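Chemist: with the input below, show me the fold.
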Amino acid sequence: MRHLLPLLVAVPLLGAALLAAAGRRLPRAAAELTGIAAAAVTAALSLVLLLGSSPPMVEWVGGWEPVGGESVGIEVIGDGPSLGMAALVSLLALSALAYSWRYFDEPPRGHAGSFPALMLVFQGAMCGFAIAGDLFNAFVFFELMSVVAYALTGYRIDEAKAVQGALTFGVVNSLGAYGMLAGIALLYARTGELSMTKIGRGLDGATGHGGPDALVLAAFVLVFTGLLVKAATVPFHFWLPDAHAVAPTPVCMLLSGVMVELGVYGVWRVYGTVFAGPGGIPAADLTRALLTLGVLTAVTGAVMCWYQRHIKRLLAFSTIAHTGLFLVAVGVLTPEGDDGAALYILGHAGVKAALFACAGALLDRFGSVDEHALHGRAGRLRATAVLFAVGGLALAGLPPFGTGLGKAVSEEAVGGPLTVVYVAVSALTAAAVLRVTARVFFGLGPPPEDTDAYETSGSEEEPETSGLVGRVPDTMTTVAAVLLAAALAVGTVPGFGDLVARSVDEAGSGGARASAAWTAHGVLLGLLSAVLAVALAAVTVTRPRRPAAPAWTTPLRRLQSGHVGDYVAWLLVGASLLAALALPGVLGG
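Modeler: Numbering: from 1, shown residues only. I've put the predicted structure just below:
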């Protein structure tokens, strides 16, 4: 079955090529069905391969296998985590394409296949990154995914905001990619290899004193800067809210549902394969770096999420906050932490994609995603209201959702004061979603007053359909319901947590873990987060007048300036911070 691995990239790219070649002659329905079919075939193939991923598979594309221990070919890996991410990518791409059925304005004649073609290239690039076994081709797919994401973010090119958001996305992510490429060049100069496994062995053999040196530190910082930019980790995160505010809703479903998570996956994969040996970065230094950046990301994202009225930006900052929690779980460098992060990512993908689907329904029904302007206007959208409320509770980690199971396993792994971060961040982000639910769908509380605390309102957005829809299409609500059901299945299907744990542990360097199941402690903390979220939302909504944002949040909010030069400067600050956090290992060596 290993020979089928390259098809995870080839099938969506061939589908995109077919749409590009024949799209001018295909009617819109045929073009969109072609895109859905290609995504569905890739999803089915990824699931079949995932079921056969034990023991892990390795394929050298084109038969260019190593000779005498030296390799020049393209290596792809088929283990549980890589194929699990490919399956997640493909299922979400299929959901986004189904959601976008007859969704946008009627495209110009001859361009009916442009959007599904771009979505398929995006899917193929993300699958390629997930299964890449050598660093250079991981970079190639990393850059391809970025380029297509730029185009998809600015798809509504007639709007200046969309172009600006896409430009910001492009500049920041391109700089991250260039840093990653420079780091790969340093590793190649040191080891003469591009295969991740062989680079790791080469670093161990090349550093005679058994520890990292300045070149290894520089390569680590450059490669991880690129990955952390993609993961939208603070202070590399500024591009994400700006992109989500302007990107089409189906694109947001992929950006927050899986692309950001691929950055976290890349951190786990590259460190464990390349830098975890004696010649790499000591575990204590990586733990310090990831825990520091993870907590900073989680807290910053949660605070910024709470003070948004633009619903899509609110959900984007929620993604940033939860990315920080994923990084903390990965950063403890234990099998339990890896298992918790994997389950958390699976549950979060379905929940966040469903919430964006509901936000898209509001945009196309009312032409606004402004929490204040929509106060009480969406009362007739009962199905969407229920889905949005359930999504908010799932975001809090309410048992038995997969987000709750992932949160519970992660809390067991990190322990101590970091558990407080998990409870507080999940409660605050969920409370923001529940606050929107109460105000927009149920009209609870007095209408909020406008203040100068908000930089972006979302009241001047344009619907993504040909006009305001009188009724939300069934495809929108059905896709959101299926995604939430999938997130629920992650936490309720018997043995699923243990299956994910065995798959992750088999691919990682840690020992096998006994179980990744619900515990009384995890259930209680999940219920606590949900209760706190409901209480906080209720108190906020019932207040007679919304207080202005505290003064201490002003500098934090002003950092999200929209100026790409500011974001580039913060990227350099983040790279310097990452180097400083990892430096003690080099000095100690």
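Chemist: what sits against residue 65?
Modeler: Shown in contact with residue 65 (C-beta atoms under 8 Å, 6 or more residues apart in numbering): 71, 73. The way it works is simple: take the backbone N, C-alpha and C, and place the C-beta from them, glycine included.
Chemist: helix, strand or coil: sort out it for me.
Modeler: With DSSP: H, G, I helix; E, B strand; the rest coil as the basis, the three-state label of residue 65 is coil.
Chemist: separation between it and residue 2?
Modeler: Counting by C-beta to C-beta, to the nearest Å, the separation of residue 65 from residue 2 is 12 Å.
Chemist: got it, and residue 529?
Modeler: Residue 529 sits 42 Å away from residue 2, taking C-beta to C-beta as the criterion.
Chemist: looking at those two, which is more packed in?
Modeler: Legend: neighbour count by other C-beta atoms under 10 Å for residue 529 and residue 2, higher for residue 529 (29 against 16).
Chemist: I figured the more buried one hits residue 431, correct?
Modeler: No: contact status for residue 529 versus residue 431: not in contact, 9.6 Å apart, counting by C-beta atoms under 8 Å.
Chemist: between the two, which contacts overlap?
Modeler: residue 396.
Chemist: show the pLDDT at the residue of the chain most remote from its centre.
Modeler: In the chain, the residue that sits farthest from the middle, by C-alpha atoms, centre = their mean, is residue 68; the gap is 39.2 Å. Note on residue 68: pLDDT of 73.
Chemist: can you check residue 410 too?
Modeler: At residue 410, pLDDT is 96.
Chemist: in which helix or strand does the residue nearest to it when sequence neighbours are not counted reside?
Modeler: Excluding its sequence neighbours, the residue lying closest to residue 410 (C-beta to C-beta, 6 or more residues apart in numbering) is residue 340, at 3.2 Å. Here residue 340 sits within helix 335-366, counting by DSSP states H and E.
Chemist: go on, residue 60?
Modeler: Element membership of residue 60, judged by DSSP H and E, is strand 57-61.
Chemist: center of this protein, which residue is that?
Modeler: Centroid check for the chain by C-alpha atoms, centre = their mean gives residue 260 as the closest residue, at 2.6 Å.
Chemist: next SSE after the host helix or strand of that residue?
Modeler: Element membership of residue 260, judged by DSSP H and E, is helix 260-270. Going down the chain from helix 260-270, the next helix or strand is helix 283-306, by DSSP H and E.
Chemist: packing partners of the next helix or strand after that following helix?
Modeler: Sequence order places helix 311-331 as the next helix or strand after helix 283-306, per DSSP H and E. Judged by 3 or more C-beta pairs under 8 Å, 6 or more residues apart in numbering; DSSP states H and E, the packing partners of helix 311-331 are helix 239-246, helix 249-254, helix 260-270, helix 283-306, helix 335-366, helix 402-414, helix 418-436.
Chemist: can you lay out these as TSV showing distance to residue 140?
Modeler: Output for these, formatted as TSV (distance: least, C-beta to C-beta, whole Å):
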stretch	distance to residue 140
helix 239-246	21
helix 249-254	19
helix 260-270	13
helix 283-306	25
helix 335-366	23
helix 402-414	30
helix 418-436	34
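Chemist: any idea which of these gets closest to residue 118?
Modeler: Distance to residue 118, taken as C-beta to C-beta, is lowest for helix 249-254 among the helices and strands packed on helix 311-331, at 8.9 Å.
Chemist: for the closest one, C-alpha coordinates in PDB please.
Modeler: The C-alpha trace of helix 249-254 is given here as PDB (Å, rounded to 0.1, in the frame of the first residue of the first chain):
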ATOM      1  CA  THR A 249     -16.000  31.400   4.700                       C
ATOM      2  CA  PRO A 250     -15.100  28.000   3.200                       C
ATOM      3  CA  VAL A 251     -11.500  29.100   3.200                       C
ATOM      4  CA  CYS A 252     -11.700  30.200   6.800                       C
ATOM      5  CA  MET A 253     -12.900  26.700   7.600                       C
ATOM      6  CA  LEU A 254      -9.600  25.300   6.300                       C
END
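Chemist: which residues are in contact with that helix?
Modeler: Residues outside helix 249-254 that contact it (C-beta under 8 Å, 6+ apart) are 92-93, 95-97, 99-100, 103, 119, 122, 126, 149, 152-153, 155, 244, 312, 315-316, 352-353, 356-357, 359-360, 363, 464.
Chemist: residue 154: what's its closest spatial neighbour, skipping adjacent residues?
Modeler: residue 166 (2.9 Å).
Chemist: make sure the residue nearest to residue 410 is actually in contact with residue 418.
Modeler: No: in this structure residue 340 lies outside contact range of residue 418 using C-beta under 8 Å: 11.7 Å.
Chemist: overlap in contacts, those two.
Modeler: Common neighbours of residue 340 and residue 418 (criterion: C-beta under 8 Å, 6+ apart): residue 411.
Chemist: of these two, which one has the most company?
Modeler: Using other C-beta under 10 Å, the more surrounded residue of residue 340 and residue 418 is residue 340, with 34 against 20.
Chemist: let me know the pLDDT of the more buried one.
Modeler: Residue 340 is assigned 95 on the pLDDT scale.
Chemist: once you drop chain neighbours, what's closest to the residue nearest to the centre of the chain?
Modeler: In this structure, residue 260 finds its nearest non-sequential neighbour in residue 232, 5.2 Å apart by C-beta to C-beta, 6+ apart.
Chemist: and that neighbour, what does it touch?
Modeler: Going by C-beta under 8 Å, 6+ apart, residue 232 touches 239, 240, 260, 263, 297, 319, 320, 323.
Chemist: with distance to residue 45 added, can I get those residues in CSV?
Modeler: Compiled in CSV, these are given as follows (distance: C-beta to C-beta, whole Å):
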residue, distance to residue 45
239, 32
240, 30
260, 24
263, 24
297, 34
319, 28
320, 32
323, 28
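Chemist: can I have the buried ones of the residues you listed as a ChimeraX selection?
Modeler: Buried subset of the contacts of residue 232, written as a ChimeraX selection, criterion 16 or more other C-beta atoms under 10 Å:
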select :239,240,260,263,297,319,320,323
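Chemist: any idea which of the contacts of residue 232 is the one closest to residue 440?
Modeler: residue 319 (19.8 Å).
Chemist: what's the closest non-adjacent residue to that closest one?
Modeler: residue 256 (4.2 Å).
Chemist: surely that neighbour and residue 359 touch.
Modeler: No: here residue 256 lies out of contact with residue 359, judged by C-beta under 8 Å, at a distance of 10.8 Å.
Chemist: any residues in contact with both of these two?
Modeler: Residues touching both residue 256 and residue 359 by C-beta under 8 Å, 6+ apart: residue 315.
Chemist: out of these two, which sits in the busier spot?
Modeler: Taking other C-beta under 10 Å, residue 256 and residue 359 do not tie; residue 256 has more neighbours (31 against 25).
Chemist: for residue 559, see how far away the more buried one is.
Modeler: Separation of residue 256 from residue 559 (C-beta to C-beta): 20 Å.
Chemist: swap in residue 504?
Modeler: Using C-beta to C-beta, residue 504 is found at 35 Å from residue 559.
Chemist: those two: which has the busier surroundings?
Modeler: Remark: of residue 504 and residue 559, residue 504 carries more neighbours, 24 against 16, as counted by other C-beta under 10 Å.
Chemist: so the more buried one makes contact with residue 339?
Modeler: Yes: look at residue 504 against residue 339 with C-beta under 8 Å: they come within range, at 5.5 Å.
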